[in-house]
Structure formats: C-alpha cells, structure tokens
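Q: My questions concern the predicted model and sequence given below.
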Amino acid sequence: MTAPKTPQIIGVDLIRYMAACIVVLFHLCFWIWAGRPGGMGFNVAKLPVQFHELAFLRVGAVGVNVFFIISGFIIAYSAQKSTAYEFFRNRVVRLMPAIWIIAPITLAVLFLVKFATPVNLIERFINSILLLPVGPWVDEVYWTLPIEVAFYTLVFGLLLIDRFRWLERVMAVSGLASSAFWIAKALGHDVTPDIAGISARYIESFMQLSLIHFGCFFALGVFLWLSLLNRMSISRSVLMVCFTAGCIMSIHGKGSCVIWLLAVIGIVFSVRFNSLLSANRQVVRLARVLGLSTYPMYLWHDVIGAALIGLLLRFGVNRYVALIFAISFVMSATTAIAISVEPKLQKWLRSKIDHMSVSFALSH
C-alpha cells in the first residue's frame, strides 16, 4: 500500500533550485579558473579561461550546504509516512536514473577531451554509477552523493526497525557531535584523527560518511521539520542554535554565511506561507519543474559546461558569450531531462523494484 503523498512545499523547491544555480555559477564562473591545476573544469576546458572579475561568485559553493539542510528537512518530512520499503524504493528511484542518464554522457565528454587514460576514466565511471564513497568520479560533484546516501541509510535503518520516532534523538547526537567538531576546529584545535597507515583521503571519507563534517546541516534540517511542522520547544530551539553555530563555523566567508542564513530563513517562510504559494497553480507547476531539474543540473553542469566553454573559446567566441551559452544550455538541457527522460526511467525502475519485491515475497 502506498503511503499518502505529502503536500509539496513550494518555497523549498525554489530554494533548492536557487542553491543549484549558485553552485553552477561557482563552478563555471570561478572554479573553472581558480581551481587550477587540479580542478576538473579547468582541465576539461583545456584553455586558461579567465573570469577574475567574477571571483565574488566563489560564494556559490555554499549551495551544497543548503542542499544538506533541505535534504534533512525533506527526507524527514517524506519519511514520516513511509515504510522502510517505500523509503528505500523512492530513494533509489530518485537517485539512480539521473546518474544512469548523465554519467555516460559525462564519460563520453571526458573521452573526447582526453581528460585521462581510458582505464582511469572507466574507473571513474564505475565509482560514479556505484556511488562509491571514495573517488575519483566522472565529475567532482559526485562527492556529495555518498554523504546523502549515508544520511538516507540512517533514516532507512530507523524505519526498518520501526523506530522512526528516534530520529530526533539520533540527529541531536549527530548534530551536536558535528557542531562540536567545527567549533573546536574554529578555536584552533586539530580534531581530525591522524591514524598511522590510513591515508588522509580515507580519513576524510570516514569523517564525511559518519556525518561528522555535515551532520550539523542535516540535523538542522530535521529539527526545522520537527519545529515547523510538528511542535516548537525550548530544547529544540537550543539545539538548533547549536547546530547553526556549527554550520556557520564550517562555512568559509561572510558572504557565504549570509546566503546560507537567507536560505534557512527562506525555508521557514516557505513552510509558514506555503498555503499562499500553493494557491497559484502556475507557481506550483513551475516550482515542481524547477525542483525536479535541480538534481540533473547538479550532476550535469560542471564537466559538460566547462567542456562547452572550452569548445566555444577554441572557435573564437567571446568568453562571456561562451559562459552565458554554457549556463543556458546546462539549465535548458537538464530541465528537458527532468521533464521528459528521467520520469520514464524512474517509472520503469519503480516497477522493476516493485516486481522484484513481490517475487521475493512470494518465493519466501
């Protein structure tokens, strides 16, 4: 039996799309030249693209932190009415089709620009489609997906043992541990473990997957859901202040903090005034399309956008014309994927998972 569908919160979809847009601007306007020599965008473009006057768009990196808060909020909001099976199926159906569509295209682009050896590129592709926690991946942006999966796994585990009500306590512990980590680091303490024989790369991965690095963001999202859609309390308010402090300590730059705080305030207003926004059908449809476009745009923009900018520059196109065209192409192409291609694959995958579930149940 399918769980009742939770009402769409219009403003959250719009905030999520705006967060994706500023991440696009960060990569294509700033990191494509500031990330050299190791940045993928710089190496994919194959030309020294210069947008120094757009360096202020470095603040766009904070869009990822906004994603984590929205994820905490939305996952808690949707999981409350789901069984463990429904939650698992819905997460797989949401995550994987876009990867199956976009990762092969990204791989083809990397082959065309001779980004790395064929063996390395195939390794990146396998890491990406399997969502392995340690890269390299076909695009640097995939680093956030295993972190999301770690949070989903936590929620799935609670649903599986029929203890979703424990989510508040579990996220309180995770959020406080994460906040303490960032506050201690801001005070000058070296709190990252240094284990002999284990590379920094794997330690970093552990810190991310255990939600030490980003648990404060997910926890704040969960507690926003608890406070806005259930009940506000003094203890929840105090914990949210602690999580907010940890989040701010982890974010670099005043401008990034301002954008992040505005997004949090926007989530609050989105819930409070959702009935007003929902009254306009055109706004509802637009928010739905933009919300669905966010994930494909995130996966698509970096490598493909940088490759397109590099190609246009080699043909003598003005750098700003190339930039505007690349951003426009990224946004329009991913909207088309979200509207026409991805839903068909999602429908097929959902039916396959349901079919396998029924077959498994009948055989046991």
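A: Good, I have the coordinates.

Q: what about the strands in the stretch 151-300 of the chain?
A: Taking DSSP state E, counting those that start in this stretch, the stretch 151-300 of the chain contains no strands at all.

Q: Can you show me the helices along it?
A: 167-186, 200-209, 215-229, 234-250, 254-272, 274-278, 281-314 (DSSP state H, counting those that start in this stretch).

Q: so which of those helices is the most packed in?
A: Compared across the helices of the stretch 151-300 of the chain, helix 215-229 shows the largest average neighbour count, a mean of 26 (mean count of other Cβ atoms under 10 Å). Yep, even glycine has a C-beta here, placed from its N, CA and C like the rest.

Q: Next, the contact list for residue 236, please.
A: 223, 226-227 (Cβ atoms under 8 Å, 6 or more residues apart in numbering).

Q: Excluding chain neighbours, what is closest to it?
A: residue 227 (5.2 Å; Cβ to Cβ, 6 or more residues apart in numbering).

Q: okay, the contacts of residue 236 in JSON lines with distance to residue 178 next?
A: Converted to JSON lines, the contacts of residue 236 look like this (distance: Cβ to Cβ, whole Å):
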{"residue": "223", "distance to residue 178": "13"}
{"residue": "226", "distance to residue 178": "17"}
{"residue": "227", "distance to residue 178": "19"}
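
Q: Can you tell me the centre-most residue of the chain?
A: Closest residue to the average C-alpha location of the chain: residue 67 at 5.0 Å, with Cα atoms, centre = their mean.

Q: Where does the prediction get shaky in the stretch 51-200 of the chain?
A: 196-197 (pLDDT under 70).

Q: one step back: the residue nearest to the centre of the chain: which element?
A: helix 63-79 (DSSP states H and E).

Q: what packs against that helix?
A: Where contact means 3 or more Cβ pairs under 8 Å, 6 or more residues apart in numbering; DSSP states H and E, helix 63-79 is packed against helix 10-25, helix 84-112, helix 144-160, helix 167-186, helix 215-229, helix 234-250, helix 254-272.

Q: repeat that for 7 Å
A: Here helix 63-79 touches helix 10-25, helix 144-160, helix 215-229, helix 254-272, going by 3 or more Cβ pairs under 7 Å, 6 or more residues apart in numbering; DSSP states H and E.

Q: And the next helix or strand after the first one, what's buried?
A: Right, helix 10-25. The first helix or strand that comes after helix 10-25 along the chain, using DSSP H and E, is helix 32-34. Within helix 32-34, the residues that count as buried by 16 or more other Cβ atoms under 10 Å are 32-34.

Q: cool, stretch 71-87 as well?
A: 71-80, 82-84, 86-87.

Q: ok, now stretch 86-99?
A: Buried residues in stretch 86-99 (16+ other Cβ under 10 Å): 86-91, 93, 95, 97-99.

Q: List every C-alpha atom in that stretch, with coordinates, as PDB.
A: Provided in PDB are the C-alpha atoms of stretch 86-99 (Å, rounded to 0.1, in the frame of the first residue of the first chain):
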ATOM      1  CA  GLU A  86       8.800   2.600   0.300                       C
ATOM      2  CA  PHE A  87      11.600   4.800   1.500                       C
ATOM      3  CA  PHE A  88      14.300   2.600   0.000                       C
ATOM      4  CA  ARG A  89      12.500   2.300  -3.300                       C
ATOM      5  CA  ASN A  90      11.800   6.100  -3.500                       C
ATOM      6  CA  ARG A  91      15.400   7.000  -2.700                       C
ATOM      7  CA  VAL A  92      16.800   4.600  -5.300                       C
ATOM      8  CA  VAL A  93      14.300   5.800  -7.900                       C
ATOM      9  CA  ARG A  94      15.200   9.400  -7.200                       C
ATOM     10  CA  LEU A  95      19.000   9.000  -7.200                       C
ATOM     11  CA  MET A  96      19.900   6.400  -9.800                       C
ATOM     12  CA  PRO A  97      18.100   7.200 -13.100                       C
ATOM     13  CA  ALA A  98      19.700  10.700 -13.400                       C
ATOM     14  CA  ILE A  99      23.100   9.100 -12.800                       C
END
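
Q: Any chance you could list what contacts that stretch?
A: With contact meaning Cβ atoms under 7 Å, 6 or more residues apart in numbering, stretch 86-99 is reached by 3, 79, 128-129, 152, 155-156, 159, 295-296, 299, 342, 345-346, 349-350, 353.

Q: Just the buried ones from those?
A: Applying 16+ other Cβ under 10 Å to these flags 79, 128-129, 152, 155-156, 159, 295-296, 299, 342, 345-346, 349, 353 as buried.

Q: list the contacts for the nearest residue to residue 185 once chain neighbours are set aside?
A: Nearest residue to residue 185 in three dimensions, chain neighbours excluded: residue 191, at 5.7 Å (Cβ to Cβ, 6+ apart). Counting by Cβ under 7 Å, 6+ apart, residue 191 touches 181, 184-185.

Q: what does residue 224 give?
A: Residue 224 touches 73, 267, counting by Cβ under 7 Å, 6+ apart.

Q: For residue 338, which of the helices and strands packed on helix 63-79 is the nearest?
A: Between residue 338 and those, the shortest gap by Cβ to Cβ is with helix 10-25, which sits at 10.7 Å.

Q: isn't residue 141 right up against residue 299?
A: Yes. Contact status for residue 141 versus residue 299: in contact at 6.5 Å, counting by Cβ atoms under 7 Å.

Q: about what we covered before: gap between the residue nearest to the centre of the chain and residue 141?
A: In this view, residue 67 and residue 141 are 11 Å apart by Cβ to Cβ, to the nearest Å.

Q: How about residues contacting stretch 148-162?
A: Contacts of stretch 148-162 (Cβ under 7 Å, 6+ apart): 71, 75, 79, 82-84, 87-88, 91, 131, 164, 166-167, 170, 209, 211, 218.

Q: Thanks a lot, see you next time.
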